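S.K.: Compute the structure for the input listed below.
(chains A and B)
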Amino acid sequence: MTRFAAGILAAVLALAAQAGAPKVKIERGEACVAPVAEMRRDHMKMLFHQRDRTLRQGVRAPRFSLKGCVDCHASEKTGSVLGQDGFCSSCHEYAAVKIDCFECHTPQRAVRTAGKP
Amino acid sequence: MNPERRQLLAWGAAAAAGAMLAPGLRLVELAQARSPEEAASKLQRWGLLIDIAKCGECDACVTACHEENGVTSRGRPTTDPQWIRKVSLADRQTGYVQTLPLMCQHCEHPPCVDVCPTGASFKRADGIVLVDKHTCIGCRYCVMACPYAARSFVHEATSGQKPDVPRGKGTVESCTLCVHRVDRGDTPACVVACNRDGGRAMAFGDLNDKGGVLYQRLRDEPSSQIRADLALNTGVRYQGL
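M.R.: So this is what the prediction gives:
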């Protein structure tokens, strides 16, 4: 009986949580660079680590590259990870996180150009 | 110690020396391309050699640099960032004018690194001098310390950045030797443009690579450093100065 009540409670809580939760749109790619639970919790650590390794040591392993996140996660419509339903911004707005990365980094997916030097 | 044991120790030492030698030998190959997972190595020292006799009245290098790096002008010469510029040198006596491209000289002993209070201004293992904009606080000490006036402060909000070259207001920037291109085995944009549209005055290479063109030309032909008196040992060398 208690177990049944707890089950209902959990379900209600889950529903309640879902009502306000951000809708994260996934438009490209099969899977992320790490399991989703890990990405949700630790993506900032991965990015900071990658950032220092790339700048200081010149290691350009593609896995946790910010360019890579943008390439996969930019919206098909706007080409960006920011904006109303933007991948990074929708979630951060909900969680009241403010990042300055896109003051410098382009939030737009790279447009492939041919014949550039 | 019995002789057998001594022999064993000798073999051990030989084996250890061999192990040291093997990676040492591999280092020679490293002078070529590097995989993205591999860190920049101090066995290399990237640099430029610029033959001023061949540098004419064009600015192909400047245009190409600013296009490659998304450095846009707002028509405000005093505050617009500049990664590379053409400098004219006139002989007052004879009136003879030479022009040359000037950019970060990628010093071995960079004054900009010495004065940086946060460690944002740094030299990579392979000699490329960079600003880590993540830790740059925009104090501009480095701008003042650089004898070549090669660094710029970003005074205004940026837009339309290139994915490979993030840049933003409030930080200092300068020539990166197109580090994003060099890391994938390409040549800096200025050098490509000079050899395609300009006077073929610029060459890029590894100053340490004894088999490389740059090393050989510097060994066999006269060349100079700008402000060699400062003993900064620049990675950018000039001929015909």
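S.K.: On the pLDDT front, check B:Pro23 for me.
M.R.: With respect to pLDDT, B:Pro23 has a value of 42.
S.K.: Same check on B:Glu37?
M.R.: For B:Glu37, the pLDDT comes out at 87.
S.K.: Tell me who's in contact with it.
M.R.: The neighbourhood of B:Glu37, defined by C-beta atoms under 8 Å, 6 or more residues apart in numbering or on different chains, consists of A:59, A:61. All C-beta atoms are positioned from the backbone trio N, CA, C, and that covers glycine.
S.K.: Can you classify it as helix, strand or coil?
M.R.: Secondary structure of B:Glu37, reduced to three states by DSSP: H, G, I helix; E, B strand; the rest coil: coil.
S.K.: same question, B:Arg85
M.R.: The three-state label given to B:Arg85 by three-state DSSP is strand.
S.K.: gap between it and chain A?
M.R.: 19 Å (C-beta to the nearest C-beta, to the nearest Å).
S.K.: Please look at that residue and B:Leu100 and confirm they touch.
M.R.: No: using C-beta atoms under 8 Å, B:Arg85 is not in contact with B:Leu100; the gap is 9.8 Å.
S.K.: Neighbour count for those two, which is higher?
M.R.: Set B:Arg85 next to B:Leu100 and count neighbours by other C-beta atoms under 10 Å in any protein chain shown: B:Leu100 wins out with 18 against 15.
S.K.: Pull out the CA atoms of the helix or strand hosting the more buried one and give them to me as CSV.
M.R.: When secondary structure is defined by DSSP states H and E, B:Leu100 falls within strand B:97-103. Listed next in CSV are the C-alpha coordinates belonging to strand B:97-103 (Å, rounded to 0.1, in the frame of the first residue of the first chain):
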residue,chain,number,x,y,z
VAL,B,97,60.8,53.2,-50.1
GLN,B,98,60.4,49.5,-49.0
THR,B,99,57.2,48.0,-47.7
LEU,B,100,56.9,45.0,-45.5
PRO,B,101,54.1,43.2,-43.6
LEU,B,102,54.4,43.4,-39.8
MET,B,103,52.6,41.2,-37.4
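S.K.: Pairing partners for it, with directions?
M.R.: Strand B:97-103 has these partner strands in its sheet, going by DSSP bridges: strand B:84-90 (antiparallel).
S.K.: Let me see the residues that make contact with the partner strand.
M.R.: With C-beta under 8 Å, 6+ apart, strand B:84-90 has contacts from B:59, B:61-62, B:65-66, B:96-103, B:175, B:190.
S.K.: Pull the distance from it to the chain's centre.
M.R.: Taking C-alpha atoms, centre = their mean, to the nearest Å, the mean C-alpha location of strand B:84-90 is offset from the chain mean by 19 Å.
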